[in-house]
Structure formats: structure tokens, C-alpha cells
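This is the structure alone, sequence omitted:
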């Protein structure tokens, strides 16, 4: 039974494995003020960012610059999170080396 212990441990680690980076940056040449946690915002945007190779390689835009540009924001607050839905999706896709994170950008024009 001992060999199965290691296999179960590896399987459990695979379910939580994976990382990924998000580049919190403003579009080039644009002045953007970072908002405090409690400051009000009028615009909220979110995006799913997919990663391959357990978070090593983003499969799309992993920068907040395009979200700031799309919403024409001059004041922003940014965050990334692995939501419950992201965890459910990643618990299956991680076996194929893929994971997902949600990026949030809130702000004012």
C-alpha cells in the first residue's frame, strides 16, 4: 500500500498546482492614479487569463494595460484572484498543464 500513498500525494498536489503572473501596468504614456481600497469606482471590468505549463506561459493578454485603455480609466484599482469557478475549472485542466485566473480592474474616467 505504500506506493499508493505517494501517488495520492502527487495527485492532490496537482489539483492545487499552478501559478501565473499578471502584469499590473498602465498603457504607455498614460498617467493613471492608483485608488485606495475604500475609494468609490464607477467602472468594473474583469477578464479570465489562461495559462499553460502550470502557469509558466500566459495564453493571452495578462496585462491590465489593455483593460485600462478599453475603459479609458485615469484612476484604477487592480486585483487578481483565483475564484471558486477558476478552482473548479483548473482542478480538471491542471492535469493537461492549464490553469485560469480572474483579473479585476475598477476605476473612474
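Structure's in. What do you need? Keep in mind that what you see is a predicted model, and the values were worked out from it rather than measured. Residues are numbered from 1 along each chain as shown.

C-alpha from now on. contacts and neighbour counts both.
Fine.

Residues in contact with stretch 51-63: which ones?
The contact list for stretch 51-63 (Cα atoms under 8 Å, 6 or more residues apart in numbering) reads 17-25, 49-50, 94, 97-100.

If you count neighbours, what's buried in that stretch?
51-52, 54-55, 58, 62-63 (16 or more other Cα atoms under 10 Å).

Which members of the residues you listed define the maximum pairwise distance?
54 and 63 (18.2 Å; Cα to Cα).

thinking again about what came up before, just the ones of the contacts of stretch 51-63 in strands?
Cross-referencing those against strands under DSSP state E gives 49-50, 99-100.

Pipe these into JSON lines and attach neighbour count per row.
Shown next, in JSON lines, are these (neighbours: other Cα atoms under 10 Å):
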{"residue": "49", "neighbour count": "21"}
{"residue": "50", "neighbour count": "21"}
{"residue": "99", "neighbour count": "29"}
{"residue": "100", "neighbour count": "29"}
